[in-house]
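Undergrad: sequence-free structure coming up:
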């Protein structure tokens, strides 16, 4: 694939001093303070890499430094790739996003909405309308994640190990387990971050007739030359695989301010990780490992209207549809969400088909542009694409959970502050 060209920040309308300030902030507040092991920050603007910096350790125990080719667990940054894969099938006319999910998963035809009770004796009511495929893409399906620990439905997910960081079972076993657990709410009535994108991965395989992981490889990863992105890290690349840490003293996904301390708990040793072998559960919601360079390639294709170096993933009109707000009534996430799980307030933010979308920057209280879209991963990885400013920012570290620190908000403020020539 056409490698990105490096350029001075000033040549693309940015300030080197301001970008260097971001690195100093990451070093002093996070790495030197023992909150992050190491970081990789990349800023791409107007077709050039304006800034790329690595700091600290990929593996603290072995004193292995972060390098440009370090491989990270990107967790939920898998979701945009899965959503793009699904929309490729929509462009082929094989499926439409307003179709009922039960057309493809008949086991879900009679799924009810939770009223009371615990597994397996749930009391349910019929949904007000069927679950549609668009509900999966925008997280309005009534599904959930067990780690939210908010309801009896979440508890049922945990008991079945559905959608956990440490993957279990298969896509088929997940579909069968979900057929026995009620929905949190009637489809379309609320927004709830969920295993919906894992379900999309299952549907990609079922509708295309090709295993989901093979579809992703042959239709997206290989054509774009994303050779370091996969659902496992092969032995030949294991020395490049970062360790994953937890901000929670217990090493888990929860983190409370009262537990804040200096230091990290090793959560996943890269020499013993389950990611070193192919998983049985192919998670379109959170299963991929990748590098900054590979993820930049994917983001460049999106910023370029769905095409890069002669490889077209999607048409620009499909991408415009995906990066529009699809929350019913054009509302922002706080108006409809049951699970604002990260440090951001989400005022002025909607959700598209696989991405959060900035609608009204003033309401976010953070610098930005209308139409910017983004997402992040559980281990504090994140990216955003701002078409108006021709900007891509990618940040990698490996610390669970992503809500431990207000890092994403800080990065936005500081990276946008580095723009000296705005396109708007």
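TA: Noted; the coordinates are in hand. All values reported here derive from a predicted model rather than from experimental measurement. Residues are numbered from 1 along each chain as shown.
Undergrad: how far does the helix or strand of the chain with the lowest mean pLDDT sit from the chain's center?
TA: Ranked by mean pLDDT, DSSP states H and E, the weakest helix or strand in the chain is helix 333-336, scoring a mean of 91. Its chain's C-alpha centre and that of helix 333-336 lie 19 Å apart, by CA atoms, centre = their mean, to the nearest Å.
Undergrad: Which strands and helices lie in contact with that helix?
TA: Counting contacts by 3 or more CB pairs under 8 Å, 6 or more residues apart in numbering; DSSP states H and E, helix 333-336 packs against strand 349-351. Using the backbone N, CA and C atoms, a C-beta is placed for each residue, glycine as well.
Undergrad: any chance you could map the helices in this protein?
TA: Shown for the chain, the helices assigned by DSSP state H span residues 16-25, 79-91, 133-138, 152-159, 171-178, 196-208, 212-216, 222-224, 292-303, 316-322, 333-336, 361-364, 407-417.
Undergrad: where does this protein dip in pLDDT?
TA: Low-confidence segments of the chain, defined by pLDDT under 70, are located at 1, 165, 167, 249-262, 340-345.
Undergrad: can you do 80?
TA: 1-2, 149, 164-168, 248-263, 339-345 (pLDDT under 80).
Undergrad: and the longest strand that it contains, how far from the chain's centre?
TA: For the chain, the longest strand by residue count, based on DSSP state E, is strand 48-59. Averaged C-alpha coordinates place strand 48-59 at 20 Å from its chain's average position (CA atoms, centre = their mean).
Undergrad: Sheet-wise, list the partners of that strand with their directions.
TA: Under the criterion DSSP bridges, strand 48-59 sits next to strand 5-6 (parallel), strand 38-45 (antiparallel), strand 64-65 (antiparallel) in its sheet.
Undergrad: out of the ones you listed, deepest packed?
TA: strand 38-45 (a mean of 24; mean count of other CB atoms under 10 Å).
Undergrad: orientation of that strand relative to helix 16-25 in degrees?
TA: If you take axes from the mean of the first three to the mean of the last three CA atoms, to 10 degrees, strand 38-45 sits at 160 degrees to helix 16-25.
Undergrad: tell me the angle strand 38-45 makes with helix 292-303.
TA: The directions of strand 38-45 and helix 292-303 differ by 30 degrees, with the same axes, to 10 degrees as the criterion.
Undergrad: about what we covered before: for the helices of the chain, which one sits closest to residue 73?
TA: Ranking the helices of the chain by distance to residue 73, with CB to CB as the measure, places helix 292-303 first at 12.3 Å.
Undergrad: That closest one - contacts with which helices or strands?
TA: Counting by 3+ CB pairs under 8 Å, 6+ apart, the packing neighbours recorded for helix 292-303 are strand 38-45, helix 79-91, helix 222-224, strand 307-308, strand 382-386, strand 391-396.
Undergrad: For the ones you listed, could you give me CSV that also reports distance to residue 412?
TA: What follows is the helices and strands packed on helix 292-303, written out as CSV (distance: least, CB to CB, whole Å):
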stretch, distance to residue 412
strand 38-45, 12
helix 79-91, 18
helix 222-224, 26
strand 307-308, 25
strand 382-386, 7
strand 391-396, 8
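Undergrad: of all those, which lies closest to residue 98?
TA: The stretch from the helices and strands packed on helix 292-303 with the least distance to residue 98 (CB to CB) is helix 79-91; that distance is 10.4 Å.
Undergrad: buried ones in that closest one?
TA: For helix 79-91, a neighbour-count test (16 or more other CB atoms under 10 Å) marks 79-90 as buried.
Undergrad: between those residues, which is nearest residue 68?
TA: Within the buried residues of helix 79-91, distances to residue 68 taken as CB to CB reach their minimum at residue 81, with 21.0 Å.
Undergrad: Compute the distance between that closest one and residue 220, please.
TA: 6 Å (CB to CB, to the nearest Å).
Undergrad: anything in contact with each of these two?
TA: Listed contacts common to residue 81 and residue 220 are residue 298; contacts here mean CB atoms under 8 Å, 6 or more residues apart in numbering.
Undergrad: picking that back up, contacting residues around the least confident helix or strand of the chain?
TA: Defining contact as CB under 8 Å, 6+ apart, one finds that helix 333-336 is touched by 140, 189-191, 327-328, 340, 345-347, 349-351, 356.
Undergrad: can you pick the most crowded of the residues you listed?
TA: Compared across the contacts of helix 333-336, residue 191 has the highest neighbour count, 28 neighbours, by other CB atoms under 10 Å.
Undergrad: Touching, that residue and residue 140? I think so.
TA: Yes. Applying CB atoms under 8 Å as the test, residue 191 and residue 140 come out as touching, 5.6 Å apart.
Undergrad: list the residues that contact both of those two?
TA: Common contact partners of residue 191 and residue 140 (CB under 8 Å, 6+ apart): 327, 336.
Undergrad: How about residue 273, nearest residue that isn't a chain neighbour?
TA: Distances taken as CB to CB, 6 or more residues apart in numbering place residue 241 nearest to residue 273, at 7.0 Å, with adjacent residues excluded.
Undergrad: Please look at residue 102 and residue 127 and confirm they touch.
TA: No. In this structure, residue 102 is not within contact of residue 127 by CB under 8 Å, at 10.8 Å.
Undergrad: which one of the two has more residues nearby?
TA: For residue 102 versus residue 127, the count of surrounding residues by other CB under 10 Å is larger for residue 127: 19 against 15.
Undergrad: From residue 182, how far out is that one?
TA: Relative to residue 182, residue 127 is positioned 10 Å away (CB to CB).
Undergrad: so what's in contact with those two at the same time?
TA: Each of 111-113 lies in contact with both residue 127 and residue 182 under the rule CB under 8 Å, 6+ apart.
Undergrad: can you pull the buried residues of the least confident helix or strand of the chain?
TA: In helix 333-336, residues buried by neighbour count (16+ other CB under 10 Å) are 333, 336.
Undergrad: if we can go back for a sec, from the shared contacts of residue 127 and residue 182, which is closest to residue 290?
TA: Distances from residue 290 to the shared contacts of residue 127 and residue 182, taken as CB to CB, are shortest for residue 111 (33.2 Å).
Undergrad: Next up, the contacts around that closest one.
TA: Contacts for residue 111 (CB under 8 Å, 6+ apart) come out as 127, 131, 142, 179, 182-183.
Undergrad: Test my guess that residue 197 contacts residue 136.
TA: Yes. Contact criterion CB under 8 Å: residue 197 and residue 136 qualify, at 7.2 Å.
Undergrad: Between which two of the contacts of residue 111 is the distance greatest?
TA: With CB to CB as the measure, no two of the contacts of residue 111 lie farther apart than 127 and 179, at 14.2 Å.
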